[in-house]
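Novice: Give me a model of this one.
(3 chains)
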Amino acid sequence: MPAEPGTLALPDVAVPAAPARRALRPPGFPFAIIGLFVLAAVVAPLLGLPDPHAQSLRDRFKPPAWEEAGSWKHPLGTDRLGRDLLSRIVWGSRVSLAAGVLTVLVASAFGAAVGLTAGYYGGRVDAVLMRATDATMSFPVILLALILAVTVGPSFTNVVTAIAVILWARYARVIRGQVLTLMHLDFVAQARIAGAGAWRIITRHLLPNTLGTLLVLVTLQIGYVIIVEASLSFLGAGIPPPTPAWGSMIAEGRDVVTRAWWVSLFPGLAILLVVLAFNLLGDWLRDTFDPKLRQL
Amino acid sequence: MLRFVAARLVQSLVALAIISVVVFVLARATGDPLYLILPMSASQEDFDNARRYLGLDRPYVEQYLSFVGRAVTGDFGNSLRARRPVSELIRERLPNSLKLALFAMGVSLAMAFPLGIMAAVHKGTGLDRFAQIVSVLGQSLPTFWVAILLVEFVAGRLQWLPAGGNEGFTSYVLPGFTLGWFVVAGLMRLLRSGMLEVLDSEYVKLARVKGMGEGRVIWLHALKNALIPVITFAGIYFAILVTTAIVVETVFAWPGLGRLAYEGISSRDFPVIQAVVLTTAAIVAVVNLCVDCLYAVIDPRIRYAR
Amino acid sequence: MSGPVIDVRDLRTHLVTGWGTVKAVDGVSFTVAEGETLGLVGESGSGKSMTCLSLLRLVPRPAARILGGQILLDGEDLLAKSEAEMRKIRGRRIGMILQDPMSSLNPVFSIGMQVREPVALYHGLRGSALAARAAELLAAVRIPSPAERLRAFPHQLSGGMRQRVVGAMAIAAPPRLLIADEPTTSLDLTIQAQYLGLLEELQERHRLALVFVTHNLGIVARICDRVAVMYAGRIVEMGPVRRLFTRPAHPYTRALLESIPRLGARAARLTAIEGQPPDLARLAPGCAFAPRCPSVMERCRVEAPPETVVEAGHVTRCWLEGGPEVGAPSGGTPA
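Specialist: Numbers count the residues shown, from 1 in each chain, chains lettered A, B, ... in the order given. Sure, this is the predicted structure:
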């Protein structure tokens, strides 16, 4: 227990013309990591890496370059089928990033629409929409994705659909909350008095004010989606082979983790780095735009 | 207060109803299970007989209604694969999942509370930084990967703890820890930010002005207010826990509901799929209901706001 | 009844912020006697609130630090006390009422709990004796149906009621000194008058020394015996209320008085004070008011004026009053 009281609110101090709040330093690390992975994903075909699908029984389970039996031909080693790990990780980033971004875009678009509508109209519309939202939120994502995977077969589209179909509820809730607060502000009343219709008010007045929140949420959620996608691929219900996906790579390495630890380790590290970067970025965005969103 | 509880109860039931429809449709859509059950040599007649026997030939609406009717009494039919009542299967597996979930939740709370609160009280110190790192890492680590590594290193190489199995308390540690890690990270961050905000408030200032001891100020005056956003999220985190359980149970070969779901889905076992999803949803709904009530108990503004 | 209840001598509190070190309280000295009310007047950022927090040693850590001076409460120096000792003093010997009743009551605890808490701590009461005493306190601040109100929660009360509850908690001990930091600023005008009346009553009943912080000169005129005008962390003028209103010595005080619109006076233009409040992190040497002073002299910009006695009990910091008299006491003495 500290001997002095903890931080107290500062009483009035004459604040000079200087800005009341210093803009937080843009975080270098997250930007760098994300930039790196995005770049790698985009220019993957041009990088001159070994073909991620190329199997070579001779080169099976080669350890990373710094180990005794390793070589720089396969810097991070090879997997069960002799495929180059580094190359597969780079190609895997395309899948993960695409899945993450796409899912989040779809979910946020739909969720925001629902949230805006519910918040604006209120009353029965709001009640009904919120029931649907609540019901959706309590459905376990992975179960749904598993079911879909078995229904229609695992595929990229299914992963995105399964996750988006449940994720939108989060956005709907948060945006609705924001809209409710906004509705009490004068500018909405003024717009109405000026004769603006629902569509106009929603798109021109409410939506722009929620974009900040949306941006924060979106960034924070990308990491979550990437992890879910990886989990699904791990369980065999995500991106089907032979497309390299980090989750399935980890699954493949699971049985040999004792002697070929690199097969599972590096894809996991990739996931960790990317998700970490997005989370840190999201935190920074949140602190910059609206610290009150701290609970997200 | 009672009206509040009743309203939430109705909400939960409606949600469950929606879920039951959805899961019913989806389960049917997973394809014909008979292909998996009947041997290759089965004839068309065998198929028709099996279909009739299992009631799969009746119109969908009828199937749904009878399903709901029996589900309410706890009868989920028989597992197509195991030929045993699904409710039996669930009764076997559910306790295992619950025990693991409770263990994980307990560990998470025990770790998240002190860390989160102390991080806020000692803001800016090494402890605070440590807590923030733990929190961000926790939400960025893929559970199954951690699980695999733990199984390999802690259970395999170091032999400190068993990887699942039945060796009493120690069996719970690795899977429980893996499961709860994400929750610890999230809760700790919530507590920290909640406490930071509350510690700055006027009423905390006044408590100190009144001469209250620092311990009382932090753990009573401040904490009760900081709990509100935490409780709001506790329900969501529990739902995440349930979802993550599938992965963890698979990796640690834990005989719980998650594994059952996975098996059921792989073998297109409708009754099992339906039952597991409904049970899971029901549990989540109950937990959310309790959380909402707890919320009302803590924050009198909610109680009297109707 | 020898000596003042509180005797502050050369109090200094600095605040380290991102844009420099702010001298929030820069050599403040004053006394308040039993039954006396000292008004503390100034603009936002003049250091009034910081001074009050410093008296209780509740300055926001780690940014703020009390650097020096003495705070003598009935002769004991508070700055020499340990934190544990200070905790015994807070509430029991010094009470404080904060500005915003909406936020100073804890929303998740009942009124009863929050009123009983200090009573239990200070007097060691339990059970029904405790509840009875709490109800008595609420009655003392003129809250109707006190026993029922104990069960209520803050959000169920009006602003005026809440502020009375805060008042009840402040006099629970009762203390020797009561600090009221703009207690009526957030209240409706009609409620304000009632509240001031309540404070006066409480003061008389318990012979409290009262420090009343405000930026409203009207309230000062009504309730204070003496007043200290603060600017940029220093007291620039202090003396009996009547004196300051009729013959202010410091240009700032004069400007404050002139900026109040008066009923009946000919419709001349209201004089506003030129310029901006000073940047406390970058105070120029010399008098802090110099940039805005209509009577500024060269000397003012170079050297900060010390405290000079204008008349017995009336001091100011201004070169217009000449240099310090030999042997002049610092701090005001009751007229």
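Novice: Now do C:Gly239: how many residues are near it, please.
Specialist: 26 (other Cβ atoms under 10 Å in any protein chain shown). C-beta here means a position set from N, CA and C on the backbone, and glycine is covered the same way.
Novice: what's the answer for C:Pro144, then?
Specialist: Residues near C:Pro144, counting by other Cβ under 10 Å, number 9.
Novice: ok, now A:Ala277?
Specialist: The local packing of A:Ala277 (other Cβ under 10 Å) involves 24 other residues.
Novice: Pretty sure it sits in a strand.
Specialist: No - counting by DSSP: H, G, I helix; E, B strand; the rest coil, A:Ala277 is located in no strand; its state is helix.
Novice: measure it to C:Gly197 for me?
Specialist: From A:Ala277 over to C:Gly197 the distance is 62 Å, taken as Cβ to Cβ, to the nearest Å.
Novice: Same check on A:Trp66?
Specialist: Counting by Cβ to Cβ - A:Trp66 and C:Gly197 are separated by 83 Å.
Novice: Tell me which of the two has more neighbours.
Specialist: C:Gly197 (13 against 9).
Novice: what pLDDT does that one get?
Specialist: At C:Gly197, the pLDDT value in this model is 92.
Novice: Now do the phi/psi pair for the residue in chain C that chain B sits nearest to.
Specialist: Nearest to chain B in chain C, going by Cβ to the nearest Cβ, is C:Gly91, at a distance of 3.4 Å. When quoted as degrees, to the nearest 10, the phi and psi of C:Gly91 stand at phi 90, psi -50.
Novice: How many neighbouring residues does it have?
Specialist: C:Gly91 is flanked by 26 other residues according to other Cβ under 10 Å.
Novice: need the contact list for it.
Specialist: With contact taken as Cβ atoms under 8 Å, 6 or more residues apart in numbering or on different chains, C:Gly91 is in contact with B:Val209, B:Lys210, B:Gly211, B:Met212, C:Pro118, C:Leu121, C:Tyr122, C:Ala170, C:Ala172, C:Ala173, C:Pro175.
Novice: what does the stretch 101-250 of chain B have sitting close to chain C?
Specialist: B:201-203, B:205-213, B:221, B:224-225, B:228 (Cβ under 8 Å from any Cβ of the partner chain).
Novice: Just checking the helix or strand that contains B:Val272 against chain A, any contact.
Specialist: Take DSSP states H and E as the rule and B:Val272 turns out to sit in helix B:270-298. Yes - using Cβ under 8 Å from any Cβ, helix B:270-298 comes into contact with chain A via B:Ile273, B:Val276, B:Val277, B:Thr280, B:Ala281, B:Val284, B:Ala285, B:Asn288.
Novice: thought the third one was touching B:Val21?
Specialist: Just to be clear, that refers to B:Val277. No - judged on Cβ atoms under 8 Å, B:Val277 makes no contact with B:Val21 at a distance of 11.4 Å.
Novice: So for these two, which sits in the more crowded spot?
Specialist: B:Val277 (25 against 13).
Novice: Chain neighbours aside, what residue packs nearest to the more buried one?
Specialist: Nearest non-adjacent residue to B:Val277, counting by Cβ to Cβ, 6 or more residues apart in numbering or on different chains: B:Val23, 4.4 Å away.
Novice: which SS class is the one you found?
Specialist: helix.
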